[in-house]
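Undergrad: let's see this in three dimensions:
(3 chains)
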Amino acid sequence: MLCRDLLPMIALPSAADLLDWYDRHARDLPWRIAPDDRRAGIVPDPYHVWLSEIMLQQTTVAAVRDYYRAFLARWPNVEALAAADLDDVLRAWAGLGYYSRARNLKACAEMVARDHGGRFPDSEDALRALPGIGAYTAAAIAAIAFDARAAVVDGNVERVMARLFRIETPLPDAKPEIRAAMDRLTPADRPGDFAQAVMDLGATLCTPRRPACALCPWSQACAGRHAGVAETLPLKAPKKAKPTRRGAAFVARRSADGAILLRKRPAKGLLGGMAEVPGTPWSETFDPSSAAGLAPFPAGWRVQPAPVRHIFTHFHLELSVLVADLAEPLPLPDAHWWSAPGELAGEALPTVMRKVVAAGTG
DNA sequence: AATCCGTGGCG
DNA sequence: TCGCCAAGGAT
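TA: Numbering: from 1, shown residues only, chains lettered A, B, ... in the order given. Okay, the predicted model is just below:
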């Protein structure tokens, strides 16, 4: 038995083992049909699956829950969302991040309503053609909502597959190999539950650090665990350092009622379509001592002692915050508006701008 | 192919 | 404090 001498015997991973675990341990999520109900024939609403999958892109379950419920309550079906005002959608999305998702969400709803009779297409290819739906989301919707045998690969699946099959090629080069592994494992029966099972496994047991291998239904089949390298996988290409950009933000407060002057950002790009206070561009060469001279209009601008710091995906931001109280009514600049204290919470303000307003009014 | 796009929680 | 990373997509 040459093989036995060279390698420990490793059981083959089976979809059945994982589905058995999922039947007992599936998390209760607002958008999920419980495994018992799913096997009893209850099918999820594709609109629910789609909405949750868009929100879950690069976003944790904890962050999504309340937004998901709020969206579903306000726009209960794709037709309602298609008819919604984009600014209302952006306001409802504020704080969740990656705002192009909200713009694509609206565009996708319109396309489904207009071109598909209000029903989501059931094939990966047709789903993939819709705005905001890429390879992962198309496969997830096809598998979960339409019972298609699609290989669903997200960050969790990459980690689980890399460990299970001891794939030591660094990401992203390992992606084709990982996809092939997931495709081979995905069963024709219950492909949606299987995909959710692998993702649950990655979220709860096969975690990035300190995986709970003792509790894992695939531990006997895991080549990474047998080799003692599970926790080190998947390998990843080194990341680039984030530069620091600086700028100034101007909180103009109307003395009469404390309203704050806001304006709308350009429709695309960073924080596209969202609201902000007036400010300078953000650059790596910005000189904070020049901030007062860059104010949008003359006023008694006071520099706040501490800048607002915020981390974006690819740069750090340091914003000098300047505040002025305006007794006289200002000729309102184009595309600007006053937002009273009671209205501020409902504005499409991204988190960084909520920090700025807090720094300028606290 | 590499870069751009948010935010919050975790150790 | 800091790096990591989460049910990625568009260009």
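Undergrad: gap between A:Ala11 and A:Arg39?
TA: According to Cβ to Cβ, to the nearest Å, A:Ala11 stands 25 Å off from A:Arg39. Yep, even glycine has a C-beta here, placed from its N, CA and C like the rest.
Undergrad: these two: who's more crowded?
TA: A:Arg39 (14 against 11; other Cβ atoms under 10 Å).
Undergrad: ok, the more buried one - contacts?
TA: A:Arg190 (Cβ atoms under 8 Å, 6 or more residues apart in numbering).
Undergrad: grab the nearest non-local neighbour of A:Ala299.
TA: Using Cβ to Cβ, 6 or more residues apart in numbering and skipping residues adjacent in sequence, the residue nearest A:Ala299 is A:Ala324, 3.7 Å away.
Undergrad: count the residues that sit near the one you found.
TA: 18.
Undergrad: in terms of pLDDT, where does it sit?
TA: What the model reports for A:Ala324 is a pLDDT of 97.
Undergrad: ok but it is inside a strand, no?
TA: Yes. Counting by DSSP: H, G, I helix; E, B strand; the rest coil, A:Ala324 falls inside a strand.
Undergrad: name the residues of chain A found near DNA strand C, please.
TA: Residues of chain A lying near DNA strand C by Cβ under 7 Å from any atom of the strand: A:29, A:31-32, A:52-53, A:56-61, A:98, A:100, A:104, A:131-138, A:140, A:154-156, A:159, A:196, A:199-200, A:202-203, A:208, A:236, A:239, A:311, A:313.
Undergrad: just these: which are in helices?
TA: A:52-53, A:61, A:100, A:104, A:135-138, A:140, A:155-156, A:159, A:196, A:199-200, A:202-203 (DSSP state H).
Undergrad: which residues touch the closest residue to DNA strand C within the stretch 1-150 of chain A?
TA: Going by Cβ to the nearest atom of the strand, DNA strand C is nearest to A:Gly134 of the stretch 1-150 of chain A, at 2.5 Å. Listed by Cβ under 8 Å, 6+ apart, the contact set of A:Gly134 reads A:Arg128.
Undergrad: which phi and psi values does it adopt?
TA: phi -110, psi -160 (degrees, to the nearest 10).
Undergrad: filter the ones in helices among the residues of chain A next to DNA strand C to the buried ones?
TA: Buried by 16 or more other Cβ atoms under 10 Å: A:52-53, A:104, A:135-138, A:140, A:156, A:159, A:196, A:199-200, A:202, out of these.
Undergrad: quick one: A:Pro307 from DNA strand B, how far?
TA: 15 Å (Cβ to the nearest atom of the strand, to the nearest Å).
Undergrad: any idea which element the closest residue to A:Phe286 other than its chain neighbours lies in?
TA: Once flanking residues are discounted, A:Phe286 sits nearest to A:Arg246: 4.0 Å by Cβ to Cβ, 6+ apart. Per DSSP states H and E: A:Arg246 is located in strand A:244-254.
Undergrad: that strand near DNA strand B at all?
TA: No. Using Cβ under 7 Å from any atom of the strand, strand A:244-254 stays clear of DNA strand B, with a minimum separation of 9.6 Å.
Undergrad: beyond that strand, next helix or strand please.
TA: strand A:260-264.
Undergrad: domain parsing of chain A, as residue ranges.
TA: A:2-232, A:244-361 (automatic domain parsing).
Undergrad: most packed of those?
TA: The highest average neighbour count among those, using mean count of other Cβ atoms under 10 Å, belongs to domain A:2-232 at a mean of 18.
Undergrad: give me the mean pLDDT for that one.
TA: Here the average pLDDT along domain A:2-232 is 95.
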